[in-house]
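**Q** my questions concern the predicted model and sequence given below.
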Amino acid sequence: MTDAQRDAPRDAGSEPARYVPGPAAVVRLAGSPVAALEGLRCTRSWRTATALVPLRAEIAAEADELSRLLHTAIGATGDGVLKARLVAVRRAVHRGRRVDPARLADVPADLAAPVRAWTARVAERDRLMAALPEHLEQDWAASYEALLEAARLPAFQLGLVHANPDVFLALRKWFDTGRAPQRQTVLRLAQYLARSAAKTSPYSTFTSSGLAAWGRAEEIVEPAGRPAAGRPAAVTATEVSVGSLHRIARAVGERPELLGGCRIRINPSATVFDGALLFLGRRPGEYVHGLALTPTLRRVLQLAADGSTFDDLRGTLLALAAEGNQVDVFLRRLVTLGLLELVPPLADQSADPVADLRAWLHRRRRPGLERLDRTLQELAEALSSYPTITEPGDRVAVRDAVVRTLDTALREVGDHAHAHNPKMAQEFGRYSFYENAVHPGTAAVLDRESWRPLLDDLDAVRTLLGLIGPDLPFKLTLGSLFRSRYPAGAQIPLLVFYRDVLAEQSAAVPGPAGRGSRLAHSRFADADSPVEAVRELHRLRTAGKRLLGERTPDRDGVVRVDPEEVRKLAGEWPEWVRTPTSLAVYCQLADAAHGPELVVNSIGCGFGRGRNRVRQIMDVLDLHAGVPDEPGPAAEHDGVLFAEFEAVARSAVNVRKPGVRLVVDYPGVRSTRADEDRLPVNDLHVECGEDGLLALVSRRLGRRICPVHPGLGADRLLPPAARFMIEAFGESNTWFGAHTELRMTADPRTDDGVRHLPRLMVGNVVLRRAMWMTRADRLPRRADAETGAAWMLRTAAWLAEHGIPERCFVTVLDPAALGGGGNGRGPSNDTKPNYVDFASMLLLLGLERRLAEPNAIVQISEMLPDPGQVRGEHVAEYIVELNEPGVTYA
């Protein structure tokens, strides 16, 4: 046990621990101070608009009552001048206009005071209405000035250079000339500033990360201290797009003059079954191919098993063949299909892929590669110099050099894919490299006593996730399919089962739609599913929904659930509802009157998720001093071994330290781990477990295997079969997120108005922020208002009508991504909420640009913690890991 685990919070008392926290947490800090958000607000005009909303409502309500009373008075007055004067008074009231003071003498005594008070309110309304456009004009100018001033922060500019150099250059021109750029550029700049101040962001130094140790501290979070004079708060490192380097390596390796010297291997998914050889084809399609197991193919399997080169294999086959041309055609077909793999020169988890690729090129020593090597050298030099440049403006040219040299390298090997596709070209320019900011050593100490009650309640949430996890309906459906298709006690090779599931899908959904990677037997099966276990799951979820979502909120509008109620409910669930073994909880701290609360942002697979990514970056920077202890990769729990995937899936954010001991040896992926720690896909078979769920078993080890993905990349980017393995047999990659409610409630596309879901708490854990969902065309639009002031007033009235807070996070969802009745796949993992302050015209106009699709679903969530509750100058997010007791480490 490490010192960090010894200091970590544990359950009090003599009862066995329900959970074990990870050895350390991750703290992520927003790049800009949260105070920068205040300057974006149109404070005076918004105060005027919010004062007008209730005032206008009061005037309208009182006008109805006064009109009724005046109507009675008019009826009691005979014909004549007095009646005409009272009619004029009533007409003014009905139209919401001020009553002439001279007319008040004609009003009955019991109505004179109410009419006089009503007239005063109308006068105040008219004054505010007249002042609103002027206030807005002044606030608009002030928000420009505040934006310009906040954008002077060097850390923000450094992040902006990486995120959008064009906007940065426009900002510098604004600094130099004093003339603001076009409005659309200003709106984008405001969005970047808001993103960097309101939340942690993936962009460069917009966010910095560090490791937090469990220990004793005076505060619940005790920062390690401010940086010493002359020492930066965070150190940055750059990483090139790993996917681009793999494209370069593949193109070079497949050149005729180099192909012969490449090491080869048989696809690790190649499975002999019923006289045929099944294997996963090359990505991106990754179809399951089948070839007749001929004597020649058997010979290839034997010869390629010893790490020989392509020429070695070719020479042996030529000696046995009658016609050499047929051998070449045969081998090239095997390479094209993916059965015969050229061993990638780059390991997917390489810490320095550019250096590794250059070293491989040097070993080839073939004419024509010198130019590519020089280009890669320029790339390496630009990457290494980028973080050393402290002046933001000087970084632009270096950033361009990185993008340009990487593009040149791809073109030199004949890869022009991104050049002919506008979307790919845009993504290439944006994601050619990453900059990561980390705090050396231990960035903070988390006081274990203060955190213990929060983690105790969070563990109750962990038990709940077993029921609402996204993959459980799929797992149950696959179990039913397995039992109906194969004999009792069958052990079916993984690839055979995968092929059969794909066939079932294709039969259910004819055409191209049935051949994709979304392996459904209805991933979110309906409540009337033919599978009894799925129907039972819906009944259990309905009971859980009654506990969590249908109870009456407290007087403050918050639904509170006792953690013991969750644990009691979980005790009644069947065995196939499994509590997650390891969770990574992205959360924030909020201060409440009774003490701290933990606000959940999302919950994903644990096993070092996030933490091992930070450690990887620290290793690259050689920052080892003062880092919290680490027990090593997770090995097993309750007899089940863990295995992860090392495929970077085109994204450098998946490069990390190992999270678990074993790795799945996957087609097209090169691992540097020892042979005994690699599990080829063809070593795995499927059988039915005692609880009705399917089990993945290694034939070599004779042990059950649980596939996991502790990388930071979205699970949708994983290869299709890898994603299938996690969904069918492993721990879910995303257990809970901002869109989980879309699985738990009715389809928001069918609502006529605005649906409200109150804040939901389990003990001191905020599991769901207060939320509102509606369609985009139901928000007030600028085009429907005559002036900006009128739009602001309509917006303020709409918010007041529905009880929506001024500051919030807004996510715009494509309705096509939402399945009917909450059974669809749901939004992708990269659908991120954006900070919006409805009192900021800059941010409101930016939001409207995203509402072009009228049927889009707009999800609005309260901002919690509120900017006034943020500890310190910057928004902080924590990644806290909870593990099932009994997990062992290598």
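**A** In hand now; what should we look at?

**Q** give me the low-pLDDT residue ranges for the stretch 751-890 of the chain?
**A** Within the stretch 751-890 of the chain, the stretches falling below the threshold (pLDDT under 70) are 751-752, 816-831.

**Q** tell me where it has strands.
**A** Here the stretch 751-890 of the chain has its strands, by DSSP state E, counting those that start in this stretch, at 755-757, 759-762, 765-768, 771-775, 807-813, 834-837, 857-862, 876-883, 888-889.

**Q** these: which one's closest to Ala722?
**A** Counting by CB to CB, Ala722 lies closest to strand 876-883 out of these; the figure is 22.4 Å. The C-beta positions use only the backbone N, C-alpha and C, and glycine is treated the same way.

**Q** mind checking how far the helix ranked longest in the chain is from the chain centre?
**A** With residue count as the measure and DSSP state H as the assignment, the chain has helix 109-150 as its longest helix. Helix 109-150 sits 41 Å away from the centroid of its parent chain (CA atoms, centre = their mean, to the nearest Å).

**Q** give me the helices and strands touching that helix, please.
**A** Contact partners of helix 109-150 among helices and strands, from 3 or more CB pairs under 8 Å, 6 or more residues apart in numbering; DSSP states H and E: helix 43-75, helix 81-94, helix 183-198, helix 788-802, helix 841-849.

**Q** can you list the domains in this protein?
**A** As assigned by automatic domain parsing, the chain contains the domains 3-31+445-738+877-889, 263-342.

**Q** SS state for Ile264?
**A** For Ile264, the assignment made with DSSP: H, G, I helix; E, B strand; the rest coil gives strand.

**Q** OK, contacts around it?
**A** By CB atoms under 8 Å, 6 or more residues apart in numbering, the contact set of Ile264 is 304, 308-310, 313, 340-343.

**Q** could you rerun that using 10 Å?
**A** If you count contacts by CB atoms under 10 Å, 6 or more residues apart in numbering, Ile264 has them with 300, 303-305, 307-314, 331, 334-335, 340-343.

**Q** mind listing which of those are in strands?
**A** Under the assignment DSSP state E, the contacts of Ile264 contribute 340-342 to strands.

**Q** what residue ranges in the protein score low on pLDDT?
**A** Residues of the chain that meet the criterion pLDDT under 70 lie in 1-15, 202-205, 225-232, 509-525, 738-752, 816-831.

**Q** max-length strand in it?
**A** strand 433-447.

**Q** could you check the angle strand 876-883 makes with it?
**A** Here strand 433-447 points in a direction 70 degrees away from that of strand 876-883 (axes from the mean of the first three to the mean of the last three CA atoms, to 10 degrees).

**Q** list the neighbouring strands of strand 433-447 plus their orientation.
**A** Here strand 433-447 has these sheet partners by DSSP bridges: strand 207-215 (parallel), strand 221-223 (antiparallel), strand 235-240 (antiparallel).

**Q** out of the helices and strands packed on helix 109-150, which is closest to Gly243?
**A** helix 183-198 (24.7 Å).

**Q** what is the closest one packed up against?
**A** Under the contact definition 3 or more CB pairs under 10 Å, 6 or more residues apart in numbering; DSSP states H and E, helix 183-198 sits against strand 24-30, helix 109-150, helix 154-163, helix 165-177, strand 834-837, helix 841-849.

**Q** can you list the buried residues in the fourth one?
**A** By neighbour count, and taking 16 or more other CB atoms under 10 Å as the criterion, the buried residues in helix 165-177 are 165, 167-172, 174.
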